[in-house]
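Asker: Below is the structure, and that's it, no one-letter string:
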C-alpha cells in the first residue's frame with residue numbers, strides 16, 4: 001500500500017508541474033509571455049520543491065513546515081488550473097494530494 005501511495009505522490013507532483021505549464025501556455029497573452037509563463041511557472045515550482053520538499057532537499061525543514069510548503073505548492077497548482085478555466089481539475093489535484101498525503105502520514109511515512 002505504501003508503495004502505491006508513494007507512486008501516486010510522485011505522479012501528483014508531475015501533475016502539479018503540468019498544471020503550472022498548462023496555465024502558462026493557455027494565458028491570453030502574446031507568445032513570449034505564454035512561453036515565459038509556461039516554462040517559468042513549472043520551473044519555479046520545481047525549484048521550490050527541490051530546495052524544500054524533495055528527499056534530498058538542500059534545506060531540511062521540520063515536518064510541519066515541509067507540509068506547509070507542499071500545501072502551498074499544490075494550492076498554487078490548483079489555483080493555476082482554476083485560472084486556466086479548469087477549476088474541477090484544480091480541485092481534484094489538491095484533494096488527491098491532501099488525501100494521499102494524509103494516508104502516507106498515517107502509514108508513518110517521514111515528511
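Answerer: Looks like it came in fine. Predicted model, so just to flag it, every value in this text is computed and none were measured.
Asker: going forward, measure contacts and count neighbours with C-alpha atoms only.
Answerer: Fine.
Asker: average pLDDT for the helix or strand containing residue 19?
Answerer: Assigned by DSSP states H and E, residue 19 belongs to helix 2-25. For helix 2-25, mean pLDDT is 95.
Asker: repeat for stretch 35-54
Answerer: 96.
Asker: what's in contact with that stretch?
Answerer: Residues outside stretch 35-54 that contact it (CA atoms under 8 Å, 6 or more residues apart in numbering): 16-18, 20-25, 56-61, 66, 69-70, 73.
Asker: Sticking with residue 47, tell me its helix or strand.
Answerer: helix 31-52.
Asker: which other helices and strands contact the following helix or strand past that helix?
Answerer: Heading C-terminal from helix 31-52, the first helix or strand you meet, by DSSP H and E, is helix 63-83. With contacts defined as 3 or more CA pairs under 8 Å, 6 or more residues apart in numbering; DSSP states H and E, helix 63-83 has these neighbours: helix 2-25, helix 31-52, helix 87-106.
Asker: in the second one, what counts as buried?
Answerer: Spelled out, that is helix 31-52. Buried residues in helix 31-52, counted by 16 or more other CA atoms under 10 Å: 34-35, 37-42, 45-46, 48-49, 51-52.
Asker: ok, now which ones touch the residue lying closest to residue 101 once chain neighbours are set aside?
Answerer: Among residues not flanking residue 101 along the chain, residue 9 sits closest, at 7.6 Å (CA to CA, 6 or more residues apart in numbering). Neighbouring residues of residue 9 by CA under 8 Å, 6+ apart: 97, 100, 101.
Asker: Thought residue 73 was touching the first one, still the case?
Answerer: No. Residue 97 lies out of contact with residue 73 (CA atoms under 8 Å); the separation is 10.6 Å.
Asker: rewinding a little: what is the nearest of the buried residues of helix 31-52 to residue 80?
Answerer: Ranked by distance to residue 80 (CA to CA), those are led by residue 41 at 9.6 Å.
Asker: Tell me how far that closest one lies from residue 64.
Answerer: 24 Å (CA to CA, to the nearest Å).
Asker: how close does the residue nearest to residue 59 when sequence neighbours are not counted sit to residue 24?
Answerer: Computed as CA to CA, 6+ apart, the closest residue to residue 59 that is not its neighbour in sequence is residue 52, at 5.4 Å. Residue 52 is 23 Å from residue 24, where distance means CA to CA.
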